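1. got a predicted structure plus its sequence, pasted below:
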Amino acid sequence: MTAAFILAPHCSNPRLNVRADTRQRLNIRNIRTRRPSPTTARPVEPAPAAAYIARVTPSPPIAELTDRARDIFRRVVDGYLHSGQPVGSKALAQAGLNLSPASIRNVLAQLEAAGLLAAPHTSAGRMPTERGLRLFVDGMMQAREPSIEERAQIEARAAAAGPVEEALAATTAALSGLSACAGLVMVPKREAVLRSIGFVPLGPAQALAVLVGEDGAVENRVIDLPAALDPSALVEAGNYMTATLGGLTLAEARQRLERELADGRSALDAAARALVERGLAVWSEDGARRPVLIVRGQGRLLDDAATADLERVRGLLDDLEGKQEIAALLDSARAGDATRIFIGAENKLFALSGSSVIAKPFRGHDGRVVGVVGVIGPTRLNYARVVPMVDFTAATLARLLG
């Protein structure tokens, strides 16, 4: 079963904190981020207090680690996330641990037995397992706030002139470039203001219902025609709907059409009336209200991939084609305000490709969740840097859509 967790700012709520006696015994350091000075602070701030503590059920055995084991484990994870290569006892001995290689190897073996490290058969070094990465992210990661330059780049993309969807795509592309991951954003589909509606015959039994918005966007649906429909009814129905519904949103158009048809106020004949009702029904389906999902930067997943990882990355790129599944995953991150992190097999969609997902919901001015933004990348991504970056991007998009 997928581990359920919440990533939230450190606070005094005892349910969100490691108990004081446990913290003292394990010497777990608070996770801090650098705050900009008042003269350089940007108007949109990432998570307040900037201390990230993740909660996981079930929890990895952090209480079972000695100070020595925790130090060696942290160095292995840091080294692996930096280089992508397993870390050996010799490298650890040279890092100033004041321990013999034999003592280090003994601790590495214990960490491997606990399921936190693994030894690839081609290497004498160790690398963290997904369980080990979860332990690191939950209790040992020191988050690093985005730099002034990184924040400015994200804000500039969000503030660019043009349709909202273009700003979302540009902001997601900026997040992708800065994080070296694929960037994702999902927002509800905004109802367009209608300019015109028409019907194009496709044959004796079908027609294409074409909706044109004030912004120039075009949507179409295939509808079935009533039996023995006169072609002139297509023109009559289109003219009626354009004259009656132009300047309204789709929801407003539905209400007006239903009201006029129910009251018998339209001057349409029976055939044209049936056509209008079918045109209305086709846009009442859920498909017209699906959220907008934007994916940018898939190619960046290949930039840092070793030859041995190419098959995994190909699998991830294939997974990214399943936009409905990604939308469902992001939708699961909408609850609450927490940043969600799925590592490897914690998320079934990307389990085989060995990938991690970091996602953060953002709210509009009325407090409702209006979307989710995040990244997908290899499990060895730089969590300490990317998690606050996703946080900041979510805050920026909240301001854009608020």
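-> Perfect, I can see it now.

2. and Asn347, how close does it get to Ser355?
-> From Asn347 across to Ser355, the span is 8 Å (CB to CB, to the nearest Å). The C-beta positions use only the backbone N, C-alpha and C, and glycine is treated the same way.

3. between the two, who's got more neighbours?
-> Higher neighbour count among Asn347 and Ser355: Ser355, with 26 against 20, using other CB atoms under 10 Å.

4. hey, where'd the helices end up in this structure?
-> All helices of the chain, identified by DSSP state H, fall at 20-26, 67-83, 89-93, 101-113, 130-139, 148-159, 164-179, 232-245, 250-263, 270-282, 310-320, 323-331, 383-401.

5. could you dump those helices to a markdown table with distance to Pro120?
-> Formatted as a markdown table, these follow (distance: least, CB to CB, whole Å):
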| stretch | distance to Pro120 |
| --- | --- |
| helix 20-26 | 29 |
| helix 67-83 | 11 |
| helix 89-93 | 15 |
| helix 101-113 | 11 |
| helix 130-139 | 14 |
| helix 148-159 | 33 |
| helix 164-179 | 26 |
| helix 232-245 | 63 |
| helix 250-263 | 55 |
| helix 270-282 | 55 |
| helix 310-320 | 14 |
| helix 323-331 | 29 |
| helix 383-401 | 21 |
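
6. quick one, which of those helices gets closest to Gly371.
-> helix 383-401 (6.4 Å; CB to CB).

7. give me the low-pLDDT residue ranges for the stretch 51-200 of the chain?
-> Scanning the stretch 51-200 of the chain for pLDDT under 70 picks out the ranges 51-63, 122-123, 189-192.

8. repeat that with 90
-> The model of the stretch 51-200 of the chain has pLDDT under 90 over residues 51-67, 82-85, 89-91, 93-102, 120-125, 138-142, 160-166, 186-200.

9. about what we covered before: and of the helices of the chain, who's closest to Gly213?
-> The nearest among those, by CB to CB, is helix 250-263 at 9.1 Å.

10. for that closest one, buried residues please.
-> Using 16 or more other CB atoms under 10 Å as the test for burial, helix 250-263 gives Leu250, Ala253, Arg254, Leu257.

11. report the distance from it to the chain centre.
-> In terms of CA atoms, centre = their mean, to the nearest Å, the centre of helix 250-263 is set 37 Å apart from its chain centre.

12. ditto for stretch 332-343
-> Using CA atoms, centre = their mean, the offset of stretch 332-343 from its chain centre is 9 Å.

13. from Leu401, how far out is the residue nearest to Val276 when sequence neighbours are not counted?
-> Nearest non-adjacent residue to Val276, counting by CB to CB, 6 or more residues apart in numbering: Ala237, 5.0 Å away. Distance, Ala237 to Leu401, by CB to CB: 35 Å.

14. so for those two, which sits in the more crowded spot?
-> For Ala237 versus Leu401, neighbours defined as other CB under 10 Å are more numerous around Ala237 (27 against 19).

15. isn't that one right up against Ala270?
-> No - using CB atoms under 8 Å, Ala237 is not in contact with Ala270; the gap is 11.5 Å.

16. what's the burial count for Val357?
-> By other CB under 10 Å, neighbour count at Val357 equals 24.

17. before we move on, what about the one 10 residues further on?
-> Residues near Gly367, counting by other CB under 10 Å, number 8.

18. let's have the chain start at 21 instead
-> Renumbered: residue one is now 21, and that last one reads Gly387.

19. contacting residues for the nearest residue to Ala113 once chain neighbours are set aside?
-> Excluding the flanking residues, the one nearest Ala113 by CB to CB, 6+ apart is Pro121, at 4.9 Å. By CB atoms under 8 Å, 6 or more residues apart in numbering, Pro121 lies in contact with Ser109, Lys110, Ala113.

20. tally up the residues packed near Ser120, please.
-> 11.

21. give me the nearest residue to it, chain neighbours excluded.
-> Ala113 (7.1 Å).

22. how far away is that neighbour from Tyr100?
-> From Ala113 to Tyr100 the distance is 17 Å (CB to CB).

23. same question for Ala237.
-> 46 Å.

24. between those two, which one's more packed in?
-> Using other CB under 10 Å, the more surrounded residue of Ala237 and Tyr100 is Tyr100, with 22 against 12.

25. need the nearest residue in space to that one, chain neighbours excluded.
-> Using CB to CB, 6+ apart, the closest residue to Tyr100 is Met147 (4.9 Å).

26. contacts only, for the one you found.
-> Here Met147 is in contact with Val96, Tyr100, Gln105, Pro106, Val107, Leu137, Ala138, Ala139, Pro140 (CB under 8 Å, 6+ apart).

27. same thing but at 10 Å, please
-> Contact partners of Met147, counting by CB atoms under 10 Å, 6 or more residues apart in numbering, are 96-97, 99-101, 104-107, 137-140, 153, 400.

28. now the residues you listed: which count as buried?
-> The neighbour count (16+ other CB under 10 Å) marks Val96, Val97, Gly99, Tyr100, Leu101, Pro106, Val107, Leu137, Ala138, Leu153, Arg400 as buried among the contacts of Met147.
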